[in-house]
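Enquirer: Predicted model, plus sequence, below.
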Amino acid sequence: MDKPLLVVEDLQVSVENKPILKGLTLTVKAGEVHAIMGPNGSGKSTLAFCLLGHPKYAITQGKIYYKGEDITTLSATERAKKGLFLAFQYPTAIPGVTIANFLRAALRGIRGNEVPVKEFRQLVKTQLKTLGIPDAFMSRYVNDGFSGGEKKRIEILQMAVLDPAMAILDETDSGLDIDALKTVAAGINSLRSPKRGILLITHYQRLLNYITPDIVHVMVDGRVVQSGGPELAHELEAKGYEGFRSTSQPAALGVTQ
């Protein structure tokens, strides 16, 4: 049996002494796409930031394992170098820094050495074509004056260039109209790989109309309370989260239904 790529065991996390995650367990294997759905305040974004090592989020109990290694205490930089990636719900603008320079610096940071110009240009050119992003974007400042859809497409471009083994996408569909949603979903689908795990965090089922997950998890009050196949997302769309709020026992997670 293949070893899990990401394992989260009984994770408990507080922010400013307020408990947010209350015993979350999750397993993602390479090649799998998992969707985490839940209402506002359930801890979805806290999980995303915690997986990438944001210092604001204090782990009070539990462990995070990546490729069998305990990374619970590693910094965000160390986790990124090992192949974890986070696409933000609200990408930050960086005026004065072009996308080309940003991507090259990020790639250099991940690899630990300078990337030859020819290799970098060919890599970026290939990914721009795959994602349908105009070459002219490379000379624009990072997210400066971008629409919501443009910001999210650049996040997916970063993911394509950095080629992480484990990608966490925090509400990538937030603020997108239907055309932008389809474009971003197509980009994510193009990056599905037997070697990569993807964790999609979302409020709504609509993103999953275009990206079919292997497993869907329902997260309520800092825990995953139920897991299932893609049909679980449709059940949520029809019935809402209310029926899951009273669930007291977390589900067995990470097992393909």
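Expert: Alright, I've got the coordinates. Owing to the predicted nature of the structure, the values given are computational and were not obtained by experimental measurement.

Enquirer: My read is that I71 contacts I64, right?
Expert: Yes: shown here, I71 and I64 form a contact pair, counting by CB atoms under 8 Å, at 5.4 Å. C-betas here are computed from N, CA, C, even on glycine.

Enquirer: The residue positioned nearest the centre of the chain: what secondary structure?
Expert: When the chain is reduced to its mean C-alpha position, the closest residue under CA atoms, centre = their mean turns out to be I168, at 1.6 Å. Under DSSP: H, G, I helix; E, B strand; the rest coil, I168 falls in the strand class.

Enquirer: Tell me where the model's unsure across the stretch 51-200 of the chain.
Expert: Applying pLDDT under 70 to the stretch 51-200 of the chain flags no residue at all.

Enquirer: on that earlier part again, I71 and I64: which has the busier surroundings?
Expert: With neighbours defined as other CB atoms under 10 Å, I71 and I64 compare such that I64 has more, 23 against 19.

Enquirer: Does the more buried one lie in a helix or a strand, and which?
Expert: I64 is located in strand 58-66, with elements delineated by DSSP states H and E.

Enquirer: Just list the residues touching the residue nearest to the centre of the chain, thanks.
Expert: Under the criterion of CB atoms under 8 Å, 6 or more residues apart in numbering, the contact list for I168 reads A48, L51, L52, L84, F85, L86, A87, L199, I201.

Enquirer: how much space between it and V28?
Expert: 10 Å (CB to CB, to the nearest Å).

Enquirer: in this protein, which spans are helices?
Expert: Assigned helices in the chain, in chain order: 44-51, 76-82, 99-111, 117-131, 148-162, 178-190, 231-239, 242-245 (criterion: DSSP state H).

Enquirer: For those helices, give me CSV that also has mean neighbour count and distance to H217.
Expert: As requested, the helices of the chain are exported to CSV (neighbours: other CB atoms under 10 Å; distance: least, CB to CB, whole Å):
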stretch, mean neighbour count, distance to H217
helix 44-51, 22, 10
helix 76-82, 15, 21
helix 99-111, 17, 28
helix 117-131, 14, 27
helix 148-162, 21, 21
helix 178-190, 17, 18
helix 231-239, 15, 8
helix 242-245, 13, 11
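
Enquirer: looking at those, which is closest to A93?
Expert: helix 148-162 (8.4 Å; CB to CB).

Enquirer: re the thing from before, show me the beta-bridge partners of the residue nearest to the centre of the chain.
Expert: L86, L199 (DSSP bridges).

Enquirer: My guess is L123 contacts L157. True?
Expert: No: with contact defined as CB under 8 Å, L123 does not count as touching L157 (10.8 Å).
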